[in-house]
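Trainee: quick one: sequence and predicted model below, then my questions.
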Amino acid sequence: MRYRRADVVDRAIAVLDEHGLDALSMRKLAADLGVQPSALYHHFANKDALLAAVADELLARGRRATEVVTWEAELRLACVELRDAMLACRDGAALVALVHALGIGAQEPLGRMYDALARAGADEHLARIGARTLVHFVFGHVADEQLQRQARGDASASAEGGDFHLGLSLVLDGLRQRLGD
């Protein structure tokens, strides 16, 4: 059977969710699809390209069709969507943070946050640092949350997020103060 790129990404997400990031290999994915590993290279130049596509798909699935009015609401929504997307899959935080750090994918949330801060009147430096701070806050919070769940053997626990929302409010309060709102 011949698979489309989207089919391969979908199966990679399933493997990630079932077995974790360490188990997601081209060989494992090919075996799950019933093809030779070389068949995957028709769609992805290497494992990094596959991981980038998986991370970008996780983030795309986490987007909501919501209109926001203020820069602060846009930042809050972007952070919540990023958090929810990473929590939707085992090792989601590790994957998205890795791909982001390598600069090969998962860049949309950072750009979106930068743009919201720029529209709010932040200069280039504050917009860049503010966006990176928000992204790193979300990455760190979700990674900690996922590691704690795995340590408890409760990887599928529901995500209440009270600490997350309070921490996010603290970061947004600081940005608001810097922007003079």
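Mentor: Alright, I've got the coordinates.

Trainee: how many neighbours does residue 7 have?
Mentor: 13 (other Cβ atoms under 10 Å). Backbone N, C-alpha and C define where each C-beta goes, glycine included.

Trainee: distance check, the closest residue to it other than its chain neighbours against residue 14.
Mentor: Nearest residue to residue 7, sequence neighbours excluded (Cβ to Cβ, 6 or more residues apart in numbering): residue 33, at 7.8 Å. Distance of residue 33 to residue 14, computed by Cβ to Cβ, to the nearest Å: 10 Å.

Trainee: between those two, point out the one with more neighbours.
Mentor: Using other Cβ under 10 Å as the criterion, residue 33 and residue 14 rank with residue 33 on top: 18 against 13.

Trainee: mind checking which helix or strand residue 14 is in?
Mentor: Using DSSP states H and E, residue 14 sits within helix 5-19.

Trainee: show me what whichever helix or strand comes after that helix is packed against.
Mentor: Sequence-wise, the next helix or strand downstream of helix 5-19 (DSSP H and E) is helix 26-33. The contact analysis (3 or more Cβ pairs under 8 Å, 6 or more residues apart in numbering; DSSP states H and E) places helix 26-33 against helix 5-19, helix 37-40, helix 47-62.

Trainee: may I have the helix-or-strand element of the chain with minimal mean pLDDT as CSV, with CA atoms only?
Mentor: None of the helices or strands of the chain scores lower by mean pLDDT, DSSP states H and E than helix 37-40, at a mean of 89. Extracted as CSV, the C-alpha positions of helix 37-40 are listed here (Å, rounded to 0.1, in the frame of the first residue of the first chain):
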residue,chain,number,x,y,z
PRO,A,37,12.1,2.2,6.0
SER,A,38,13.4,3.5,2.7
ALA,A,39,9.8,4.1,1.6
LEU,A,40,9.5,6.8,4.3
